[in-house]
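Colleague: Need a 3D model of the sequence below.
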Amino acid sequence: MLTNKQIGFIGGGAMAEALIRGILHAGLVTPSQIVVSDVSTERLNYLRGTFAVSTTIDSQEIAKQSDILFLTVKPQVISGVIESIAPVVAKTTVVVSVAAGVTIAAFQGKMPGVPIIRVMPNTPVAVGEGMSAMALGKYATNAVSEPVAEVFASVGKVVTVNEDAMDAVTGLSGSGPAYAFVLIDALTDAGVRVGFSRQTAVLLAAQTLMGAAKMVLETGEHPAKLRDMVTSPGGTAITGVHVLEQNGIRAALIDAVVAATNRSREMGRR
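Modeller: The predicted model follows:
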């Protein structure tokens with residue numbers, strides 16, 4: 001679906017790099033179809049040297065030429081980018097924003113009639129295992145959104161949600177890697193406590209969580225059923241789970257997601 005599409009990135013940071021790597025690795029486009037702009041010439045030199053893509057410091061030129069335009073800049077500078085490109089963006093250009101907290105309405109007011117798609121990816125897109133949620137603007141039809149979904153599918157998994165669910169996405173999958181890192185760090189410390197080197201302990205902890213997550217996704221079974229497969233009567237796993245429940249791990253994780261969701265809502269009202 002991306003054949004002959006011109007792909008533009010305004011902002012050449014880590015998110016742009018992850019998406020470029022993903023779509024090139026998946027063979028969705030060729031480097032000649034990608035153009036990136038950034039304020040840092042050093043960053044542009046890196047992207048051009050690494051991926052053989054075209055680069056420029058002229059964001060308006062990218063906005064004019066792109067069939068799909070990814071705005072991969074920080075939320076604090078997105079308003080300036082919108083003001084700059086709005087006069088030159090064609091109604092046939094799909095504008096994709098990954099700026100947290102910036103609503104579709106903020107774009108649509110400046111770009112009437114332009115298909116806008118808001119996406120909340122998380123940091124594991126950098127290793128091809130991201131989770132991205134897309135919300136579609138008024139003019140973003142399925143035909144328009146499918147190529148964008150294909151891009152994000154090249155770096156993980158994608159779901160489409162209503163925009164009013166984006167704060168909850170931020171609280172769960174957007175912030176979720178931080179919770180997972182806390183768990184891995186704690187399990188690593190536990191491994192050191194029972195006698196492993198830190199290097200061995202972090203491998204045991206991280207691979208265990210990755211494998212458990214893969215089982216959930218690939219088997220389609222409820223996590224509780226998979227847990228029951230591990231927790232034999234009177235065994236070690238149920239003993240450990242009992243301690244986790246005594247210390248409120250389930251409630252703590254639920255509270256963390258709710259708190260992060262509420263914080264996202266607060267930030268969006270600024």
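Colleague: mind listing the strands for the protein?
Modeller: Counting by DSSP state E, the chain has these strands, from start to end: 7-10, 34-37, 54-56, 68-71, 94-97, 116-120, 130-136, 156-160.
Colleague: can you redo the ones you listed as CSV with distance to residue 221, mean neighbour count and mean pLDDT?
Modeller: Glycine gets a C-beta too; all of them are placed from N, C-alpha and C. Listed next are the strands of the chain as CSV, based on distance: least, C-beta to C-beta, whole Å; neighbours: other C-beta atoms under 10 Å; pLDDT from 0 to 100:
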stretch, distance to residue 221, mean neighbour count, mean pLDDT
strand 7-10, 38, 27, 97
strand 34-37, 39, 24, 97
strand 54-56, 46, 18, 96
strand 68-71, 36, 25, 98
strand 94-97, 34, 26, 96
strand 116-120, 27, 25, 97
strand 130-136, 19, 23, 97
strand 156-160, 17, 16, 97
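Colleague: what would those strands look like in a markdown table with distance to residue 254?
Modeller: Below are those laid out as a markdown table (distance: least, C-beta to C-beta, whole Å):
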| stretch | distance to residue 254 |
| --- | --- |
| strand 7-10 | 36 |
| strand 34-37 | 40 |
| strand 54-56 | 44 |
| strand 68-71 | 33 |
| strand 94-97 | 29 |
| strand 116-120 | 20 |
| strand 130-136 | 18 |
| strand 156-160 | 20 |
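Colleague: Out of those, which is closest to residue 178?
Modeller: Go through the strands of the chain one by one with C-beta to C-beta and the one that ends up closest to residue 178 is strand 130-136, at 13.3 Å.
Colleague: Residues in contact with the closest one: which ones?
Modeller: The contact list for strand 130-136, computed with C-beta atoms under 8 Å, 6 or more residues apart in numbering, reads 18, 104, 117-125, 145, 148-149, 152, 155-163, 165-166, 169, 173, 176.
Colleague: Next, count neighbours for residue 179.
Modeller: 15 (other C-beta atoms under 10 Å).
Colleague: so what's it closest to, chain neighbours aside?
Modeller: Nearest residue to residue 179, sequence neighbours excluded (C-beta to C-beta, 6 or more residues apart in numbering): residue 256, at 6.0 Å.
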